[in-house]
Each structure stands twice: as C-alpha cells, then as structure tokens.
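> Next input, structure requested:
(one chain, ligands or ions: 1)
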Amino acid sequence: MYEILPWHKNVWKCINKNRKTSQILLIIGLQGIGKFNLAKNFAHSLLCDNLLKDNIPCGRCHACLLFNKNNHPDFLLVQSDNSHIITIEQIRIVIKEIFYTTHQGRVKIIIIKDADLLNISAANLLLKILEEPPSQTMIILTTSNIDFLFSTIRSRCKILTIPIPEYSICENWLRQKITDINHVKLLLSITNNAPLLALNLFNNNWLYERQTLLSNLYNFLYKKMTLGDVIIHFLNLDIKDFLQFFYYIIHDLIKIKLTVNYITNSDHINQLYFYAKKANLKKLLILQEQMCYLNYNYIQHINFNKQMLMENILLNFINMLE
Ligand SMILES: [Zn+2]
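Presented below is the predicted three-dimensional model:
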C-alpha cells in the first residue's frame, strides 16, 4: 500500500494543485521532514497511468513498476555525491535529458535534491533552463537551506513549504517503528519534530552514541579525561553532527540560565543544571555565536581542519565554566 506521510496530508493537496500549472517547484522545510519523499511521491503520481483517489499512484501499472525499480525513462534524480556539490556536468545531463531524449508521451520529471549544493557554474546553467523551461517538463528542487540557494533560481520557482509537524502526529508515526516511548520523545526533542531524521538517528544507533559522547564530555569537564583522550571519540562524528550536538547543549545551558523550562537534552537535565550553575552566560552566548558561524561556513562548504575545530570547541567549552 502506497503511503503519503501523515504530516504531508495538507501539503499533498497543495502540491497536487500544481499538477498542470507549474513547471518549477521548490520544496522547502527542515532537514528530516520528508521533502525528498514528497517530491518523489509527486513525481511518481505524475507518471502513474492509473491514479487512485487523492492522486495516489496505483503501484501496479507499468509506469509504477518502472518507477519503483528506479528505472522510469521520464524521471531523473540529480543529487550530490560525497563531495557535497552538484556540478555543471550533472546539469548538462539534465539538459540532454530534457531536450534530446524522447519520452513516453508524458511529462518529463527532474528532481534536484538539496539544490543549495549547486555550485555557481551548475546554478548558472540550470538558470538557463528555468528561464524558459520546455513544455511537458516538471523540475522539482528541494532544500533545507533556502538562504544558500541562489536567489536567481529561487525567484523562478513556485515555493512549497512543508510545515513542522505537530508533536502528536510525529509521536504516533514513530511509535509504530520505535517501541520505547522515551526514545521517541527524546528523538523528537533532539530533531525539533523531524520524524524522518529522528528515525534515521535511531536506526544509526545515535542515542547510544550520544550517551557515550555526553559521558566523555562530562569526564573531560571533570578533568578525568584529557583533551587528547576525549577528542578520539568525537572524531568519529561528521562535523555537521558535532556542531549540532554542541549547539543544542550550549543552547540548553543558555535556556537554563535564562530560566526557560523547555530543554532539548531533557534526559540530561540534572547534569545540565549542574553545569549551567558553573557556566558564564556571556561566554555561553559567545560560544553559541561561534557555533552558528561555524555551521554557516560548513553549509557554505568551507573546508575545516576537523580535529582543530573540535579541539577548539572543546577548549572553549571548558573555558566557559567558572
Ligand atoms: Zn500506477
């Protein structure tokens, strides 16, 4: 049975209003909220020969079978490889696909996943297609970082936002996949109600890994571990995960200082209160600003020396304690 994610019900209605009218769509929303899932479901729906109620693909027709095997000739997915860049060569393939490949009489659909990863030459070439898109072509872009998408591209798109889902909808959906309710609550707290990201973290054993990292961090703060010992554990993380991990801890400490009740790392409330008492608010705010700046640079694909960055953050972290 084909499923539209429960928090996509309204946005699914909206996107289906664009079945004929729009040729360029931009789907935006938080990481892990299902932008690509929505784009792919919509592409699938446009290709299906025997749509069910509410434009749900039948899953059985020839087009659906080809689509499900990632083999539909009128569908092209463009995404970055490990380099975290979408290159001009990839956009040249899009042009070839749109202008020089015959299709099966239906619309040709291109999804550009994480379009903020287009480099400047790729973006300029894509812009030429977006300025005068050929008929019978639907281009769907997705991004979690709309501020990093070239404004010239953004202005050519009809924007569709996936709102942050209500907690109860996320919880109900995740409870069918994760038995421990405390894990569900914690994962939704860590991810700001992004259910797919929460499930992905769970499947990758992040809760266990996070617990180990927090224990090591406390040992470092208690001076039971040296910087050299603790850094070994953090080096296993991607820079992005490392920045996010520290950002939320710092954010929680600031919230405790400012007597805000709701904190993200709710399972570590006692330890965080303990460190918040020792922490200097001004230094915490500076550190938070530093994390935002590093994250901004990371999204812009500026290369970091990973070990140096992590050591720097850890040292600044211990220095904010009084
Ligand atoms: Zn079908």
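
> What parts of the stretch 51-200 of the chain come near the ion?
Applying Cβ under 5 Å from the ion, we find that the stretch 51-200 of the chain lies next to the ion at 57-58, 61, 64. The way it works is simple: take the backbone N, C-alpha and C, and place the C-beta from them, glycine included.

> Strands along this structure, start to end?
Along the chain, counting by DSSP state E, strands occupy 24-28, 75-78, 108-112, 137-143, 158-161.

> now the ones you listed as a markdown table including mean pLDDT, distance to residue 100 and mean neighbour count?
Shown next, in a markdown table, are the strands of the chain (pLDDT from 0 to 100; distance: least, Cβ to Cβ, whole Å; neighbours: other Cβ atoms under 10 Å):
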| stretch | mean pLDDT | distance to residue 100 | mean neighbour count |
| --- | --- | --- | --- |
| strand 24-28 | 96 | 20 | 22 |
| strand 75-78 | 96 | 13 | 20 |
| strand 108-112 | 94 | 11 | 24 |
| strand 137-143 | 95 | 13 | 24 |
| strand 158-161 | 95 | 26 | 15 |
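
> Give me the phi and psi angles of residue 29.
Residue 29 adopts backbone torsions of phi 160, psi 170, taken as degrees, to the nearest 10.

> So for it, what's the nearest residue that isn't a sequence neighbour?
residue 162 (3.5 Å; Cβ to Cβ, 6 or more residues apart in numbering).

> how many other residues sit next to the one you found?
22 (other Cβ atoms under 10 Å).

> Let me see the contact set for the nearest residue to residue 245 once chain neighbours are set aside.
Once flanking residues are discounted, residue 245 sits nearest to residue 213: 6.6 Å by Cβ to Cβ, 6+ apart. Contact analysis of residue 213 by Cβ atoms under 8 Å, 6 or more residues apart in numbering lists 233-234, 237, 245.

> from these, which has minimum pLDDT?
Within the contacts of residue 213, the minimum per-residue pLDDT falls on residue 237 (87).

> which residues sit in contact with the closest residue to it other than its chain neighbours?
Once flanking residues are discounted, residue 237 sits nearest to residue 245: 7.0 Å by Cβ to Cβ, 6+ apart. By Cβ under 8 Å, 6+ apart, residue 245 lies in contact with 210, 213, 237.

> Give me the distance between the closest residue to the first one other than its chain neighbours and residue 180.
Same thing as residue 210. Closest residue to residue 210 in three dimensions, ignoring its sequence neighbours and counting by Cβ to Cβ, 6+ apart: residue 245, at 7.1 Å. Here residue 245 is placed at a distance of 21 Å from residue 180 (Cβ to Cβ, to the nearest Å).

> Can you report how many residues lie near the spatially closest residue to residue 171 that is not a sequence neighbour?
Leaving out its chain neighbours, the residue that sits closest to residue 171 by Cβ to Cβ, 6+ apart is residue 184, at 5.8 Å. Using other Cβ under 10 Å, residue 184 is surrounded by 22 other residues.

> Thought residue 173 was touching residue 184, still the case?
No - in this structure, residue 184 is not within contact of residue 173 by Cβ atoms under 8 Å, at 9.4 Å.

> For the ion, what is the nearest residue in the stretch 151-300 of the chain?
When distances are taken as Cβ to the ion, the stretch 151-300 of the chain reaches nearest to the ion at residue 160, 23.0 Å away.

> That residue: what's it in contact with?
11, 14-15, 18, 25-28.

> Check residue 146 too.
26, 28, 116, 154.

> How many residues are close by the residue lying closest to residue 322 once chain neighbours are set aside?
When the adjacent residues along the chain are set aside, residue 322 lies closest to residue 280, with 5.3 Å between them (Cβ to Cβ, 6+ apart). Using other Cβ under 10 Å, residue 280 has 14 other residues around it.

> now do residue 91
24.

> Would you format the contacts of residue 245 as CSV with distance to the ion included?
Formatted as CSV, the contacts of residue 245 follow (distance: Cβ to the ion, whole Å):
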residue, distance to the ion
210, 41
213, 45
237, 42
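
> what's the closest of these to residue 275?
When the contacts of residue 245 are ranked by distance to residue 275 (Cβ to Cβ), residue 213 comes first, at 14.8 Å.
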